[in-house]
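Trainee: Give the three-dimensional model of this entry:
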Amino acid sequence: MLAEKNKATRITKEIISYFLDNDLNEFDLKFSVDNDLFRLKISAPASNKPESFDKLIHDLHTERQIEVDEYFNALLGSFSHDHDYTFLGKAIDLASGNFEDGILWLEIERQNMNS
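Mentor: This is a model prediction of the structure:
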């Protein structure tokens, strides 16, 4: 369980960094992790959708690669501000997000394959 919490923390840091890098400095965060599932939902008021948001969603839809899970976990947070979020996509199972009514939101899920 400790390893899954560590991965959930790294994933959350990446998502928070994305929001802060796009000057979304006020956000609501819902975080839950247990033996079976990690879920994160973040939303922020925004005057418009960041130019990079569609690419973020596209990158997060990269298929999870369980066989190299530890490798991708080690890479999270290790690259520059010109993020390639496909590494993050390879560490999660589901991602969805949108910009609606002045709110930018993102939700991700990761199944614990060891439970």
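Trainee: Now for the nearest residue to L88 once chain neighbours are set aside, which secondary structure element holds it?
Mentor: Take L88 and drop its neighbours on the chain: the residue closest to it by C-beta to C-beta, 6 or more residues apart in numbering is E14, 5.4 Å away. Quick note: C-beta positions are derived from backbone N, CA and C, even for glycine. E14 belongs to helix 2-21 when assigned by DSSP states H and E.
Trainee: By mean pLDDT, which helix or strand of this structure comes out lowest?
Mentor: Within the chain, no helix or strand scores below helix 69-75, which has a mean of 64 by mean pLDDT, DSSP states H and E.
Trainee: now the strands for this protein?
Mentor: Along the chain, counting by DSSP state E, strands occupy 28-33, 37-45, 94-100, 103-111.
Trainee: Dump those strands to CSV, plus distance to H58 and mean pLDDT.
Mentor: CSV is the format used below for the strands of the chain (distance: least, C-beta to C-beta, whole Å; pLDDT from 0 to 100):
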stretch, distance to H58, mean pLDDT
strand 28-33, 23, 97
strand 37-45, 18, 97
strand 94-100, 10, 97
strand 103-111, 13, 97
